[in-house]
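Chemist: okay, sequence plus prediction incoming.
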Amino acid sequence: MVDLEKLRNAAKEIVSQDDVKYLIGWRDGTFGFRISPHFMESPEEADKLIFSPLCTNNLATYLTMAEKLPIPRGEEPDRRKVAVMVKGCDSRAVVQQLVEQGTNREEVYIIGCPCEGVVDIKKIEKKFPDVLESVEARWENGQIVLKLPGGEQSFPREEVLAQKCLTCRYPNPVLADTVLWDEVEVLGVEEYEDVKELEGMDSKERWAYWQDKISNCIRCYSCRNVCPMCYCEDCVLERLNPTWMFRSVNVAENTAYQLARAFHLAGRCIECGECERVCPVDIPLMKLNRKLYKEVQEDFQFEPGLDPESKPLQASYRPDDKEDFIL
Amino acid sequence: MNNNKPKIGVYVCHCGVNIAKTVDIEAVRSYAESLPYVKVARNYSYMCSDPGQLLIKEDIAEEGLNRIVVASCSPRMHELTFRKTLAEGGLNPYYLEMANIREQCSWVHEDSEEATSKARKLVAAAVAKARLLEPLEEKEVEVEPATLIIGGGIAGIQAALDIAGAGFKVYVVEKTPSVGGKMSQLDKTFPTLDCSACILTPKMVDVASHPNIELLTYSQVEDVQGYVGNFEVKVRKKARYVDIDKCTGCGICAQECRLAGRIPSEYEAGIGKRGAIYLPFPQAVPAKFTIDPESCLYLTRGKCGKEPKCVEHCSLGAIDFEQQDEFVEFKVGAIIVATGYDVFDASRKPEYGYQDYDNVLTSLELERLVSASGPTGGEIVLGKGEEAFVPKEVAFIQCVGSRDASCGNEYCSRVCCMYTAKLAHLIKEKVPDSNVRVYYMDVRAFGKGFEEFYDRVRREGVRYIRGNPSEVFKRDGKLVVKAEDTLTAKPLEDEVDMVVLSVGLEPRKDTREIIDLLRLSQSSDRFYLEAHPKLAPVDTATDGVYLAGCAQGPKDIPDTVAQAKGAASSALILLASGKVNIQAQISVVNEATCRGCGYCVEICPYGAIEMGEVNRFGHIVSVAKVNEALCKGCGACVAGCFSGSIQQKSFKDRQILPQIAVLGVVK
């Protein structure tokens, strides 16, 4: 059970530690169902922390996003820990970052929040398009309760939860320094129904489907920027020499971009669904990612982001690996 | 020289008619002339010939060329030739780009027009890349004047003696307690019938006594790091439980061992027995006893009577059950792999009844049976005690485990035809009234004196029956070989006393270990792969690692010795020159964009990349660092890098993308 008091007390304690720089959590947003990340440097700010079905953001992204400002000569870089609150999926992002050495285990403190699933904001905003006041939410007996301006309303999970949560097999953090409350029951089963539906189409239908979706892409790069796995200093897709991809927004270049992004995430995507959530033109990006997730799982019996000691998929090799994709 | 603006010379080769027959050379040449930055375009019958190379050198001098494109054969053939030409002409050798219009064009196409159009594209692509080439520098490293030889069979022994004789240090690492290998188990050698032990043992003694050779028997290579000229080797000396310095090889311990005569002897191919403490064979080098930890009562159960018999009877106190494995580390410049082979396991062909019937033997078992040093003292006797008898009707079955796709060995083992003839001869010699027949598919008597020997054996009365037996079974206590004589198309059921399976040669079971250690490759027959089947038969893809003997593929003793001498000479070239040039077309890391994920470290098959630290505006971040001496320029790391921060020199993205663009777009 989510216990906000326990959460805030724990946060106060953690952020007061000498070896902790700041804590990243969630707090109420400024309007509607949106919530904000909360960067907390002192214990006084702990009372703003929340954990609710609205906490969709994957905060692991901020671990690699922190700007590394130049350090004046003679000064030491601040190597204190960053504490981060994680749901099950977010914890997998941290694990995968550890595997890839994008994050240093000594420089992160993981606060695990077992999670019963977060809402799909797009689904709710469709139901309540005009809510401007900040809304609170909570889990209660397997239902999601929203505190709307007109009073509380509760919904069954299936109605409002994000798709990724309905099939989630890792609602409990796979790695944490402290877990705030009891683990939750695993309810999701992954059957790749949406992927299989696409696989069932012939190549022309599938091409038409994706062309339709991808032609909407405005190349805002939100999907890349929000992704906890996309943290190259200098993205290869934006380089000019050599130019792998032109900046023009058209189906050809958009497709090149989306395919490159998906392939760069093969064996690395941990299915947090952030790319799809932030997409302003509703491209079903998770279908691409999950297709590759499925391929990797079937061909190499590999799932990323589960074991910080494991080797990354692209960098490990077994003599009996399938080679039937080589012409 | 002004390198700022590319001035490219294109040279189109006829290669006699190899290219000119299919490709319109003049059309390609005149097209090349029209390409941007091309100053000169010429054609010549053989560019690799001296006059051909002179053309390039003259043009460099007279026309001020600074990039050269040669459109000819595969760079595997002549890239080095032309690099040298450029160097002689005063250009950096890496300003060369080759367009392969032979293997990738004229040899694989028939339509002249299409082939010419493709040759044009290939040349245009090469020109597009040549424009962007950068000068590279070859670095030199010192060579450690020592060699590691893995395996102490005849191949390893011969290579060791040659290298040591030339004055260089050699370390021979042998897995078993004695050097000698499979050759020491043989009785006579074909076709001359020399006694195998008589010609081998002097060499074994030489290896042990040579001042330049350090013999590490009962040892295994645990780890090899480093690169050509500078390998760091770690060897595990397994505990013998016998103090070598004290043991005189008197053998009383072996006589007294409680298990004496109860453990199958590896040397006797299982038909003779030994004790838990043993000397593999009388002429073993070193002549020191070893305790087999898997059978010794004291070592397996912690108890052997009141006191182990060997300890009790060794007056010199050489037995030491406390002995531990030791590790030795040393540096070498070259490595020779002479690990030999395994004999095919005849039980994998159950139709021949090897596991079911006592009197079905493998050829190696017969070899021990006819040997004067074998368990019967050289008498051909089957069975024990009262049941002992001399087999009169003997059948050999050839190609057991060779030329047989059903057991995964499609190759010919090359020695079975002749050792079968030899063994048949030896049986006729020792049991003159015996009837010997050989069931064969083909007899391959290709070596010096082989055909003559085969004829001689047939004259002695050995019958050769062409047909591959389908089954060996027992009827009324007698073995029956069921076959078809394919020359007369007659089915046969042949009653015999003894069946000998002429088993083939297989890659060793521990092949994989050496592959992982030295990053070698296997050919489709699973033996180690040589660098080139014809022109580099003892080299491997790993510089400084050479192959000798059956590790590379089945061969007889003369071929093994010849190859061992070849491998020794290859190693000596390296050691004697004392210096080696390392790859110039290696990977480089862009430390400013490297995200430090370490994928390349895991991907690199040569262990050439490790993580290092750089100071990025005061932040210490980890980035990949390439060890230039270890990098082979394979490009695997480049493909694995997400941020495109590793590039391979001469194959950088911005060099090959324009090349690909030309191939794809230009008509």
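Modeler: Ah, there it is. Numbers count the residues shown, from 1 in each chain, chains lettered A, B, ... in the order given.

Chemist: just the element for the residue of the stretch 401-550 of chain B found nearest chain A, please.
Modeler: Nearest to chain A in the stretch 401-550 of chain B, going by C-beta to the nearest C-beta, is B:Arg512, at a distance of 8.3 Å. Where you see a C-beta, it was placed from the backbone N, CA and C, and this is true even at glycine. Under the criterion of DSSP states H and E, B:Arg512 resides in helix B:511-518.

Chemist: residues contacting B:Phe450?
Modeler: Residues near B:Phe450 by C-beta atoms under 8 Å, 6 or more residues apart in numbering or on different chains: B:Phe190, B:Pro191, B:Met418.

Chemist: domains for the chain, by residue range?
Modeler: Went with chain A since none was named. The record assigns chain A these domain ranges, following automatic domain parsing: A:4-179, A:193-315.

Chemist: wait, chain B
Modeler: Chain B breaks down into these domains under automatic domain parsing: B:8-138, B:146-238+B:325-341+B:510-578, B:252-313, B:343-506, B:587-648.

Chemist: distance of the residue of the stretch 201-327 of chain A found nearest chain B from B:Ile646?
Modeler: Residue nearest to chain B within the stretch 201-327 of chain A (C-beta to the nearest C-beta): A:Ala315, separated by 3.3 Å. Separation of A:Ala315 from B:Ile646 (C-beta to C-beta, to the nearest Å): 13 Å.

Chemist: can you tell me the centre-most residue of chain A?
Modeler: Nearest residue to the geometric centre of chain A (C-alpha atoms, centre = their mean): A:Cys272, 3.4 Å.

Chemist: tell me which parts of chain B are close to chain A?
Modeler: B:592-603, B:611, B:616-620, B:622, B:640, B:642-644, B:653-654, B:657 (C-beta under 8 Å from any C-beta of the partner chain).

Chemist: kindly recompute the last result at 6 Å.
Modeler: B:593, B:595-599, B:602-603, B:617-619, B:640, B:642-644, B:653-654, B:657 (C-beta under 6 Å from any C-beta of the partner chain).

Chemist: of those, which belong to strands?
Modeler: Among the residues of chain B next to chain A, the members found in strands (DSSP state E) are B:His619.

Chemist: filter the residues of chain B next to chain A down to just the buried residues.
Modeler: For these, a burial check counting by 16 or more other C-beta atoms under 10 Å in any protein chain shown picks out B:593, B:595-599, B:602-603, B:640, B:642-644, B:653, B:657.

Chemist: ranges for the helices of the stretch 401-550 of chain B?
Modeler: Secondary structure of the stretch 401-550 of chain B (DSSP state H, counting those that start in this stretch): helices located at B:416-430, B:450-459, B:511-518.

Chemist: which one of those lies nearest to B:Glu33?
Modeler: Of all these, helix B:511-518 sits nearest to B:Glu33, with 48.4 Å by C-beta to C-beta.

Chemist: show me the shaky parts of the chain.
Modeler: All of this is about chain A. By pLDDT under 70, the low-scoring segments of chain A are A:327.

Chemist: the intended chain is chain B.
Modeler: B:1-4, B:665-667.

Chemist: which helix is the longest one in it?
Modeler: Longest helix in chain B, counting residues (DSSP state H): helix B:557-577.

Chemist: buried ones in the helix or strand following it?
Modeler: Downstream of helix B:557-577, the first helix or strand assigned by DSSP H and E is strand B:579-582. Within strand B:579-582, the residues scored as buried using 16+ other C-beta under 10 Å are B:Val580, B:Ile582.

Chemist: next SSE downstream of strand B:579-582?
Modeler: Taking DSSP H and E as the definition, the helix or strand right after strand B:579-582 is strand B:587-589.

Chemist: in contact with the closest residue to chain B within the stretch 1-150 of chain A, which residues?
Modeler: Across the stretch 1-150 of chain A, the shortest distance to chain B (C-beta to the nearest C-beta) belongs to A:Ile71, at 2.6 Å. By C-beta atoms under 6 Å, 6 or more residues apart in numbering or on different chains, the contact set of A:Ile71 is A:Pro77, B:Gly618.

Chemist: how about 7 Å then?
Modeler: Applying C-beta atoms under 7 Å, 6 or more residues apart in numbering or on different chains, one finds that A:Ile71 lies in contact with A:Pro77, B:Phe617, B:Gly618, B:His619.

Chemist: can I get those in CSV including distance to A:Gly150?
Modeler: Output for the contacts of A:Ile71, formatted as CSV (distance: C-beta to C-beta, whole Å):
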residue, distance to A:Gly150
A:Pro77, 51
B:Phe617, 53
B:Gly618, 54
B:His619, 51
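
Chemist: what about A:Ala315 and B:Ile646, which has more around it?
Modeler: Taking other C-beta atoms under 10 Å in any protein chain shown, A:Ala315 and B:Ile646 do not tie; B:Ile646 has more neighbours (25 against 20).

Chemist: do I have it right that that one meets B:Gly635?
Modeler: No - B:Ile646 lies out of contact with B:Gly635 (C-beta atoms under 7 Å); the separation is 9.0 Å.

Chemist: what's the neighbour count on B:Ile515?
Modeler: 16.

Chemist: state the distance from the residue lying closest to it once chain neighbours are set aside to B:Ile514.
Modeler: Closest residue to B:Ile515 apart from its sequence neighbours, by C-beta to C-beta, 6 or more residues apart in numbering or on different chains: B:Gln522 at 6.8 Å. Here the distance between B:Gln522 and B:Ile514 works out to 10 Å (C-beta to C-beta).
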